[in-house]
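Engineer: Let me see the structure of the following:
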Amino acid sequence: MPKPLDRLDCRILNELQSDARISNQELAQRVGLSPAPCWRRLRRLEEEGFIAGYATLLSAPAIGLPIQAYALVSLENHHPQTLRQFDQLVRERPEVLECHSTSGPNDYLLRIVAASMEAYEQFLSTRLLPLPGVRSVNTSFVLRTKKFTTQLPVMVS
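Structural biologist: Residues are numbered from 1 along each chain as shown. This next block holds a predicted model:
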């Protein structure tokens with residue numbers, strides 16, 4: 001079982017969320033530790049699963065993917081074969097960035113990016129809707145993003 005987070009762990013995690021490319025020297029200075037104990041804490045946070053990984057965040061519009069859609073998917077049934085086919089599509093299609101099983105009237109929420117409305121329609125009509133077991137897909141398109149963050153609120157419990 002992971003050790004609970006203390007004030008310094010939280011500060012380390014918050015600093016890393018702001019700048020994952022920060023050097024250990026700079027991180028240690030910002031959180032008030034010397035480099036060696038800071039490095040040990042960082043390794044422990046990684047080993048205990050508090051840090052899932054490091055990533056470079058790209059601007060989707062800048063790389064030619066200006067369309068962002070949220071699709072609510074309802075399935076006809078939850079037979080193993082239906083779920084396998086749906087899971088395979090989600091895993092294999094690069095335009096599907098996220099897939100969440102949800103409560104309520106729909107089964108899944110997908111976050112999808114596309115180069116154009118035509119590209120999204122092509123994905124929908126040739127990939128998602130033809131899947132056996134897909135009853136319906138209800139799509140909402142992002143018109144403007146008011147807030148986007150990948151930073152989780154890290155606090156001492």
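Engineer: which SS class is residue 74?
Structural biologist: Assigned by DSSP: H, G, I helix; E, B strand; the rest coil, the conformation of residue 74 is strand.
Engineer: Which residue would you name as the spatial centre of this protein?
Structural biologist: Centroid check for the chain by C-alpha atoms, centre = their mean gives residue 98 as the closest residue, at 6.0 Å.
Engineer: ok, how many other residues are close to the closest residue to that one other than its chain neighbours?
Structural biologist: The shortest distance from residue 98 to any non-neighbouring residue, by C-beta to C-beta, 6 or more residues apart in numbering, is to residue 111 (4.1 Å). C-beta coordinates here come from the backbone N, C-alpha and C atoms, glycine included. For residue 111, the neighbour count with other C-beta atoms under 10 Å is 15.
Engineer: same deal with residue 128?
Structural biologist: Neighbourhood size, residue 128 [other C-beta under 10 Å]: 20.
Engineer: ok, it - contacts?
Structural biologist: Counting by C-beta atoms under 8 Å, 6 or more residues apart in numbering, residue 128 makes contact with 71, 73, 89, 134, 137.
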